[in-house]
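K.L.:
dropping a prediction and its sequence here:
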Amino acid sequence: MSSSRPPDSFEQRYDACVEAFYGASVGKVSWSIACQNLADLVGVWTIQITGIGKRAMATRFSWDGGSVPAQVWLDYFTRYHAINPRIPPSVGLEVGGWQHDHELFPAEIYEESPFFREFLIPYGAKYCSATKLIDDDDMVVILAAHLKRDRPPLTEAQVGLLDRVRCHLVQAIEAYRSLQRGLSDSLIARTMLDALPQPVMLVDETLYLHHFNRAAADMLGASGAVFERGGMLRFKERQDSDRTVLAIRELGLTGAVALDERQHQVVFRLGEQAGHAELLVIAIGVHPEETMAMFGGAPRAILLFHRLDGEVRLDPLIIGHAFGLTPAEAQVAATLVAGQTIAEVAKSRCVSLETVRSQVRSICAKVGVSRQADLARVLTQLPQVNLELSPRTFLR
């Protein structure tokens with residue numbers, strides 16, 4: 001009698017999953033693919049593996065695989081990681097120990113905490129279970145299994161499966177660390193920004209381009225308002241250059257603004273002169289002490305671009321940052337403008353009518369309108385704002 005397993009049996013999928021992690025450790029397979037395989041095997045929304053250096057509390061690596069939109073991680077590391085209630089209790093977690101949301105938090109936290117209410121649940125997730133894989137003198141490595149908001153917490157069988165693969169994960173990560181020692185330039189931010197469909201750049205106070213994604217490369221090469229020269233972000237018009245320099249100043253990248261006066265983000269426009277496609281720019285300051293050094297060891301800015309010519313398309317990420325909306329509010333606003341009623345929005349998002357009405361009231365207040373009927377008009381125009389230029393701005 002043959003002992004061979006049938007094609008695509010669970011054990012074959014398990015072996016392929018383990019093999020992918022060893023492949024990732026030596027660069028033959030993407031860590032995202034390996035994490036995706038594990039997420040599929042266990043039956044969760046996404047698997048995330050994060051390594052944090054102890055000396056500077058900086059993120060060394062962060063890999064994830066699953067059906068998570070790229071903008072989730074951008075919002076997390078720039079806006080919401082600082083209020084993540086899961087982090088403090090994870091500090092005392094033992095290697096091999098588990099931390100489960102449903103055992104750790106009261107049920108009310110999902111309605112009361114902005115981390116869950118404004119960020120995680122609107123993006124489609126809810127429960128998380130985390131375990132510590134490594135804790136040595138140099139770093140801590142945590143594995144987190146995230147579940148969709150309509151799914152119950154991890155079962156004992158799912159936890160057992162992750163425990164089964166644990167030893168292979170640890171060996172693969174240790175092999176990866178051995179190969180990476182001495183390399184300081186993490187690929188985390190680049191991978192995150194590359195996954196965004198919007199043109200996005202990472203610059204420092206001199207406007208040196210540390211990274212830009214494919215959409216931004218296309219924009220830089222299109223003979224528009226902005227272009228690249230010698231690794232620097234350059235502008236066709238002096239006024240656009242001055243506005244961007246002022247935005248960098250307001251974000252506190254140059255050190256010219258006091259800590260309590262620097263802005264988290266600045267919204268402005270470029271290319272207003274004839275012959276250029278007008279651009280809405282959202283400049284987000286990323287400081288290492290506030291973002292776990294995800295974007296480098298020095299202050300930098302993420303420049304997110306949105307073309308204002310052609311067909312109007314409401315992008316929740318763009319309108320969220322442009323108007324200061326939470327991810328939940330941005331998604332509701334875009335859906336309402338697309339033609340859904342409040343009742344339809346509530347049903348599709350599995351929340352109450354009152355929750356959506358409360359979000360609409362907050363959206364209107366932030367956008368500056370008193371009626372829901374005015375939302376579409378204002379949102380599709382996007383902010384009519386620009387930086388106020390003064391002689392001190394003209395830095396060369």
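P.N.:
Nice, I can see it. Numbers count the residues shown, from 1 in each chain.
K.L.:
how close does A328 sit to E118?
P.N.:
A328 is 5 Å from E118, where distance means C-beta to C-beta, to the nearest Å. Where C-beta positions appear, they are placed from N, C-alpha and C, glycine not excepted.
K.L.:
who has more neighbours out of those two?
P.N.:
Counted by other C-beta atoms under 10 Å, A328 and E118 do not tie: A328 has more neighbours, with 25 against 20.
K.L.:
ok, now how distant is that one from L259?
P.N.:
For A328 relative to L259 (C-beta to C-beta), the value is 29 Å.
K.L.:
D75 versus I302, what's the distance?
P.N.:
I302 is 11 Å from D75, by C-beta to C-beta.
K.L.:
please apply the same query to T206.
P.N.:
Counting by C-beta to C-beta - T206 and D75 are separated by 27 Å.
K.L.:
isn't A34 up against D64?
P.N.:
No - counting by C-beta atoms under 8 Å, A34 does not reach D64; the two are 10.5 Å apart.
K.L.:
neighbour count winner among these two?
P.N.:
Taking other C-beta under 10 Å, A34 and D64 do not tie; A34 has more neighbours (25 against 21).
K.L.:
now stretch 144-153: buried residues?
P.N.:
144-147, 149, 153 (16 or more other C-beta atoms under 10 Å).
K.L.:
just give me the closest of the residues you listed to D218.
P.N.:
Among the buried residues of stretch 144-153, H146 lies closest to D218 (C-beta to C-beta), at 32.2 Å.
K.L.:
now stretch 243-256, how far from the chain's geometric center?
P.N.:
23 Å (C-alpha atoms, centre = their mean, to the nearest Å).
K.L.:
so which residues of the stretch 1-150 of the chain form helices?
P.N.:
Remark: helices assigned in the stretch 1-150 of the chain by DSSP state H, counting those that start in this stretch are 10-25, 31-42, 70-75, 87-90, 101-104, 109-112, 114.
K.L.:
over to the stretch 151-300 of the chain?
P.N.:
Under the criterion DSSP H, counting those that start in this stretch, helices of the stretch 151-300 of the chain are mapped to 156-180, 188-194, 214-220, 238-250.
K.L.:
could you tell me the least trusted of those?
P.N.:
Out of the helices of the stretch 151-300 of the chain, helix 188-194 stands lowest, with a mean of 81 (criterion: mean pLDDT).
K.L.:
what is it packed up against?
P.N.:
strand 59-66, helix 70-75, strand 200-203, strand 209-212 (3 or more C-beta pairs under 8 Å, 6 or more residues apart in numbering; DSSP states H and E).
K.L.:
tell me which of the ones you listed sits nearest to D315.
P.N.:
Nearest of those (C-beta to C-beta): helix 70-75, 9.2 Å.
K.L.:
what's the offset of that closest one from the middle of its chain?
P.N.:
When distances are taken as C-alpha atoms, centre = their mean, helix 70-75 is centred 2 Å away from the chain's centroid.
K.L.:
show me what it is packed against.
P.N.:
Applying 3+ C-beta pairs under 8 Å, 6+ apart, one finds that helix 70-75 contacts helix 188-194, helix 316-323.
K.L.:
can I get it as PDB, trimmed to CA atoms?
P.N.:
Taking Å, rounded to 0.1, in the frame of the first residue of the first chain, the C-alpha atoms of helix 70-75 are listed here in PDB:
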ATOM      1  CA  ALA A  70      -0.700  48.900   1.600                       C
ATOM      2  CA  GLN A  71      -2.200  52.100   3.100                       C
ATOM      3  CA  VAL A  72      -2.900  50.200   6.400                       C
ATOM      4  CA  TRP A  73       0.800  50.100   7.200                       C
ATOM      5  CA  LEU A  74       1.400  53.700   6.200                       C
ATOM      6  CA  ASP A  75      -1.400  54.900   8.500                       C
END
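K.L.:
and that helix, average pLDDT?
P.N.:
86.
K.L.:
the domain parsing of this structure - what is it?
P.N.:
The chain breaks down into these domains under automatic domain parsing: 10-184, 188-310, 314-384.
K.L.:
before we move on, back to that, of the buried residues of stretch 144-153, the lowest pLDDT goes to which?
P.N.:
Among the buried residues of stretch 144-153, R149 has the weakest pLDDT, 90.
K.L.:
right, and it touches K126 too?
P.N.:
Yes - between R149 and K126 there is a contact under C-beta under 8 Å: 4.0 Å.
K.L.:
got the buried residues of stretch 144-153 as CSV, with distance to Q263 columns?
P.N.:
Below are those laid out as CSV (distance: C-beta to C-beta, whole Å):
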residue, distance to Q263
A144, 31
A145, 36
H146, 31
L147, 36
R149, 32
P153, 39
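K.L.:
determine which two of these are furthest apart.
P.N.:
A144 and R149 (15.6 Å).
K.L.:
looking at the helices of the stretch 1-150 of the chain, which is closest to A225?
P.N.:
Of those, nearest to A225 by C-beta to C-beta is helix 70-75, at 23.4 Å.
K.L.:
and the contacts of the closest one?
P.N.:
If you take C-beta atoms under 8 Å, 6 or more residues apart in numbering as the criterion, helix 70-75 is touched by 62, 64, 119, 123, 192-193, 195-197, 302, 316-317, 320, 327.
K.L.:
pLDDT check: weakest of those residues?
P.N.:
Confidence by pLDDT is poorest for M192 among the contacts of helix 70-75, given 82.
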